[in-house]
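Visitor: this one's sequence-less:
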């Protein structure tokens, strides 16, 4: 075992409009964890990155809780140091908690010297997170679909073509996932179920075909975005935007961030979305991103390998 492990976990955008709790896309924003074992049984955590006021630096830190609780459940109580370097905004629908859980479980695999298959890691992460889409995409990368079966989670992923251009618009406030789920109805009509199922199948077919030719109608949703609009000023108007370069638009996860699939003029699309939110009193920043096709399992490196690659 090397003296330290480094894990890089991508941000994720779940739901993609129609594929509620079924699919997610890994994005080129990252959580980097550096974990080292301690012989004295104590735990320390350091943090640098975005939204530091939203990050606990004690035993309540999600990475620390996940590592500590998982090792304890395996009978492998062990101290450790965690250094966190984070680019993923917290509480805005970009899978920050999923990234923390997936990165922590990858570190546990190493600290306990206990091999975990892809299915085992994603299933455990889904149980801790409460839903499977973000954690599966964070681990596998690319576009990932999931199904929960007999207490486990099965996932299938494909790379996203370089031609897919993404614009992420991030408002300056957080929206807890729990609050965003509370506004959802307990039941849906057959018509709404068919509406979303048709689009989710078409969206998945486009990604897995490798063509990724999108149409705004593929992202239209009846299950969560209409209900969450009351919590996100300007969302309804943004989702109704029409632009020649706009191939699709959706709420990212539970929001309030918004993800757009664009043509050549991604910056202009991002600015239109940002200005639309501004008319509703919301400050936001627009970022042009690529998808991440590696996932955490492609970025996880012992410190010795990391150093060798740099030399």
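Guide: Yep, it's here. No experiment lies behind these values; they were computed from the predicted model shown.

Visitor: Kindly list the longest helix within this structure.
Guide: helix 190-209 (DSSP state H).

Visitor: Give the other helices and strands that the helix or strand hosting residue 102 contacts.
Guide: In this structure, residue 102 sits in helix 96-111 according to DSSP states H and E. When contacts are defined as 3 or more C-beta pairs under 8 Å, 6 or more residues apart in numbering; DSSP states H and E, helix 96-111 packs onto strand 5-14, strand 23-38, helix 62-73, strand 79-86, helix 118-129, helix 133-140, helix 296-299. The C-beta positions use only the backbone N, C-alpha and C, and glycine is treated the same way.

Visitor: Could you rerun that using 7 Å?
Guide: strand 5-14, strand 23-38, helix 62-73, helix 118-129, helix 133-140, helix 296-299 (3 or more C-beta pairs under 7 Å, 6 or more residues apart in numbering; DSSP states H and E).

Visitor: and residue 264, which of the ones you listed is closest to it?
Guide: Among the helices and strands packed on helix 96-111, the nearest to residue 264 by C-beta to C-beta is strand 23-38 (18.8 Å).

Visitor: Show me which positions of that closest one end up buried.
Guide: By neighbour count with 16 or more other C-beta atoms under 10 Å, strand 23-38 contains the buried residues 23-36.

Visitor: Same question for stretch 135-150.
Guide: Applying 16+ other C-beta under 10 Å to stretch 135-150 flags 135-146 as buried.

Visitor: Just give me the closest of the buried residues of strand 23-38 to residue 197.
Guide: For the buried residues of strand 23-38, the nearest to residue 197 is residue 23 (12.3 Å; C-beta to C-beta).

Visitor: Compute the inter-axis angle for the longest helix of the chain and strand 23-38.
Guide: Relative orientation of helix 190-209 versus strand 23-38 (axes from the mean of the first three to the mean of the last three C-alpha atoms, to 10 degrees): 70 degrees.

Visitor: Report the distance from helix 190-209 to the chain centre.
Guide: 20 Å (C-alpha atoms, centre = their mean, to the nearest Å).

Visitor: Mind listing residues that contact that helix?
Guide: Contact with helix 190-209 is made by 16, 18-20, 22-23, 143, 145, 158, 160, 212-214, 218, 220-223, as judged by C-beta atoms under 7 Å, 6 or more residues apart in numbering.

Visitor: Please apply the same query to stretch 293-301.
Guide: Residues from elsewhere that reach stretch 293-301 (C-beta under 7 Å, 6+ apart): 6-10, 26, 102-103, 106, 118, 138-142, 159-160.

Visitor: Over to stretch 77-89?
Guide: For stretch 77-89, contacts defined as C-beta under 7 Å, 6+ apart pick out 11, 29-38, 40-51, 63-64, 67, 71, 94, 96, 99, 111, 170.

Visitor: Equivalent analysis for stretch 159-166, please.
Guide: With C-beta under 7 Å, 6+ apart as the test, stretch 159-166 has contacts from 25, 142-143, 207, 210, 212, 259, 261-262, 266, 289-291, 293.

Visitor: cool, and stretch 213-230?
Guide: 15-18, 20, 180, 183-185, 188, 192, 195-196, 199, 202-203, 206, 235-236, 239, 246-251, 254-255, 261.

Visitor: Point out the ones among the residues you listed that are inside strands.
Guide: Those of these mapping onto strands are 246-251, 261, per DSSP state E.

Visitor: can you tell me which of those lies nearest to residue 231?
Guide: Nearest to residue 231, judged by C-beta to C-beta, of those is residue 251 at 10.3 Å.

Visitor: per-residue pLDDT, that closest one?
Guide: In this model, residue 251 is scored at 98, pLDDT.

Visitor: and the residue nearest to it when sequence neighbours are not counted, how many neighbours does it have?
Guide: Counting by C-beta to C-beta, 6 or more residues apart in numbering, residue 251 lies nearest to residue 225, which is 5.2 Å off, once chain neighbours are set aside. Other residues lying near residue 225 total 21 when counted by other C-beta atoms under 10 Å.

Visitor: cool, and residue 42?
Guide: Residues within reach of residue 42, counting by other C-beta under 10 Å, total 9.

Visitor: residues touching it, list them.
Guide: Going by C-beta under 7 Å, 6+ apart, residue 42 touches residue 79.

Visitor: Could you measure from it over to residue 59?
Guide: Distance of residue 42 to residue 59, given as C-beta to C-beta, to the nearest Å: 11 Å.

Visitor: Could you find the closest non-adjacent residue to the residue of the chain most remote from its centre?
Guide: Most distant from the centre of the chain: residue 40, at 34.1 Å, with distances by C-alpha atoms, centre = their mean. Of all residues not flanking residue 40 in the chain, residue 79 sits nearest, at 5.7 Å (C-beta to C-beta, 6+ apart).

Visitor: Quickly list the domain ranges of this protein.
Guide: As recorded under automatic domain parsing, the domains making up the chain are 5-159+292-296, 165-289.
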